[in-house]
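*Asks:* Based on what follows, work out the 3D shape:
(one chain, ligands or ions: 1)
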Amino acid sequence: EKGEYRHFMEKEIHEQPDSVQHTLSEYLDLVTGKAKTNAIDFAAVERIQIVACGTAFYAGQIGRYAFERLAGLPCDVEIASEFRYRSPAVSPKTLAVAVSQSGETADTLASLTWCKAQGLKTAAVVNVHSSSMAREAEVLWPTHAGPEIGVASTKAFTAQVAALLALAVAAGVARGRIDAAQEAELVKALFESPRLIAEALRMDASIRSVVQDLAKADDILFLGRGAMFPLAMEGALKLKEISYIHAEGYAAGELKHGPIALIDEETPTIALAPLDDVFEKTASNLQEVAARGGPVIMIAPENAPDPHGAGIRRIHAPDCHPLIAPLVYAVPMQLLAYYTAVQKGTDVDQPRNLAKSVTVE
Ligand code: F6R
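*Replies:* Model (predicted):
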């Protein structure tokens, strides 16, 4: 039941410190500071092919950045409805990974079955552990988000990201890319995420202060670089789904290749700007937006420098290790969508035209 919360979505957003903690504990050992051994020998894998739909696809893209950076493991991520029909060329030592909350999404399941028929090793990151995908894949990589009732995915998404980040650390260790000291540092950073997610939940007051403006907009841009790029697309998807405002997530560096033409006083830009190695690049993109009169909301830690430019509003996010930024910054994305939808009076838990589980293509 919803208890003290108005909507299941709000309740599920607030469950994330626990659901992420629980999911991380499946893959990492807090006491020893080590990644647990799991059923896949990452040293024998040459490539990863992730297949998923919707929010799970964005979780997969975040996973990709980690598998390549931490484990030097080439990783492709594709929307399952495209993958299954385009006769993809897959090399034999590819590990196919389906990512799905329900474990029943028709296109993702069909892609997994196809990969298995090609003789590939298969794994499934799923939240429903008795689902078709859990049974179809050779290896089950569970997420522990618990039942998700809200149609718009929140805690299942962060659990998927947590699992993939933890698995990327395990892959880095298995492939000799991460030594024992780095492993301990990364495991510690990941286990700090539940506390920092709880801190991010306290951003609700500052987020509520901007939703009146957002609720008036017809179009909203979300920008980010690195793992914040797929998270920007997830933020845009969440907003579209429950507030029915048109939104697009873009790689900040792509701005001048087209979307900057959309910028005017009525089109807000929301930027995800953790203090990482591309912060300055993102900040300069925001100056370009502000210089064209576009209202900018920059989500960044308090100690991040101020980009020059009138019209840049800031919302402070907890400062965190870059590896866990997708988990921490997911919270303001969800809260923005949630409070904007509440402001507009839409049906948050049952958005129009959407179903929780898409078992037909
Ligand atoms: C978005 C959302 C959908 C699902 C997608 C895949 O909030 O919930 O985009 O992520 O339909 O569903 P699963 O993860 O069950 O395969």
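
*Asks:* closest point of the chain to the ligand, which residue?
*Replies:* The ligand sits closest to G54 of the chain, with a gap of 2.0 Å, by Cβ to the nearest ligand atom. For glycine as for every other residue, the C-beta is placed from the backbone atoms N, C-alpha and C.

*Asks:* ok, that residue to G224 distance?
*Replies:* G54 sits 18 Å away from G224, going by Cβ to Cβ, to the nearest Å.

*Asks:* Can you tell me the closest non-neighbouring residue to the residue of the chain closest to the ligand?
*Replies:* L237 (6.9 Å; Cβ to Cβ, 6 or more residues apart in numbering).

*Asks:* How many neighbouring residues does the one you found have?
*Replies:* 23 (other Cβ atoms under 10 Å).

*Asks:* phi, psi of it?
*Replies:* phi -60, psi -50 (degrees, to the nearest 10).

*Asks:* G54 and G224 - which one has more neighbours?
*Replies:* G224 (30 against 21).

*Asks:* give me the beta-bridge partners of the more buried one?
*Replies:* On the basis of DSSP bridges, G224 is bridged to A251.

*Asks:* residues touching it, list them.
*Replies:* 231-232, 249, 251-252, 271-273, 282 (Cβ atoms under 8 Å, 6 or more residues apart in numbering).

*Asks:* are any of these buried, and which?
*Replies:* For these, a burial check counting by 16 or more other Cβ atoms under 10 Å picks out 231-232, 249, 251-252, 271-273, 282.

*Asks:* quick one: which of those residues sit in helices?
*Replies:* Among these, the ones falling in helices (DSSP state H) are 231-232, 282.

*Asks:* would CSV of these with pLDDT and distance to the ligand be doable?
*Replies:* Below are those laid out as CSV (pLDDT from 0 to 100; distance: Cβ to the nearest ligand atom, whole Å):
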residue, pLDDT, distance to the ligand
L231, 98, 13
A232, 98, 15
T282, 95, 25
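
*Asks:* between those residues, which is closest to A168?
*Replies:* Nearest to A168 among these, counting by Cβ to Cβ, is L231 at 15.9 Å.

*Asks:* Surely the closest one touches I62?
*Replies:* Yes - using Cβ atoms under 8 Å, L231 is in contact with I62, at 6.7 Å.

*Asks:* picking that back up, can you list the contacts of G224 in a markdown table and add distance to C320?
*Replies:* Output for these, formatted as a markdown table (distance: Cβ to Cβ, whole Å):
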| residue | distance to C320 |
| --- | --- |
| L231 | 13 |
| A232 | 17 |
| G249 | 21 |
| A251 | 21 |
| A252 | 19 |
| A271 | 17 |
| L272 | 12 |
| A273 | 13 |
| T282 | 16 |
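
*Asks:* which bits of the stretch 1-150 of the chain sit near the ligand?
*Replies:* Counting by Cβ under 6 Å from any ligand atom, the residues of the stretch 1-150 of the chain close to the ligand are 53-56, 100-102, 105, 108.

*Asks:* and E104, what element?
*Replies:* For E104, there is no helix or strand it lies in under DSSP states H and E.

*Asks:* where's it relative to G253, distance?
*Replies:* E104 is 36 Å from G253, by Cβ to Cβ.

*Asks:* So for those two, which sits in the more crowded spot?
*Replies:* More neighbours surround E104 than the other of E104 and G253, with 18 against 14 (other Cβ under 10 Å).

*Asks:* Surely that one touches T359?
*Replies:* Yes - counting by Cβ under 8 Å, E104 does reach T359; the two are 5.1 Å apart.

*Asks:* separation between P230 and P351?
*Replies:* Taking Cβ to Cβ, one finds P230 at 21 Å from P351.

*Asks:* more neighbours, those two?
*Replies:* Using other Cβ under 10 Å, the more surrounded residue of P230 and P351 is P230, with 24 against 19.

*Asks:* Without its sequence neighbours, what residue ends up closest to that one?
*Replies:* Here the residue nearest P230, using Cβ to Cβ, 6+ apart, is Q61, at 3.7 Å.

*Asks:* which ones are touching the residue nearest to the spatial centre of the chain?
*Replies:* Residue closest to the average C-alpha location in the chain (Cα atoms, centre = their mean): A59, at 4.2 Å. Counting by Cβ under 8 Å, 6+ apart, A59 touches 52, 99, 157, 160-161, 164, 230, 234.

*Asks:* Ok, D277 next?
*Replies:* 226, 322.

*Asks:* what does the stretch 201-350 of the chain have sitting close to the ligand?
*Replies:* Residues of the stretch 201-350 of the chain lying near the ligand (Cβ under 6 Å from any ligand atom): 237, 241.

*Asks:* The stretch 201-350 of the chain: helices as residue ranges?
*Replies:* 204-216, 228-243, 279-291, 325-344 (DSSP state H, counting those that start in this stretch).

*Asks:* ok and the second one relative to helix 204-216, angle-wise?
*Replies:* Helix 228-243 and helix 204-216 meet at an angle of 70 degrees, taking axes from the mean of the first three to the mean of the last three Cα atoms, to 10 degrees as the criterion.

*Asks:* Mind listing what's buried along helix 228-243?
*Replies:* Buried-residue list, helix 228-243, by 16+ other Cβ under 10 Å: 228-243.
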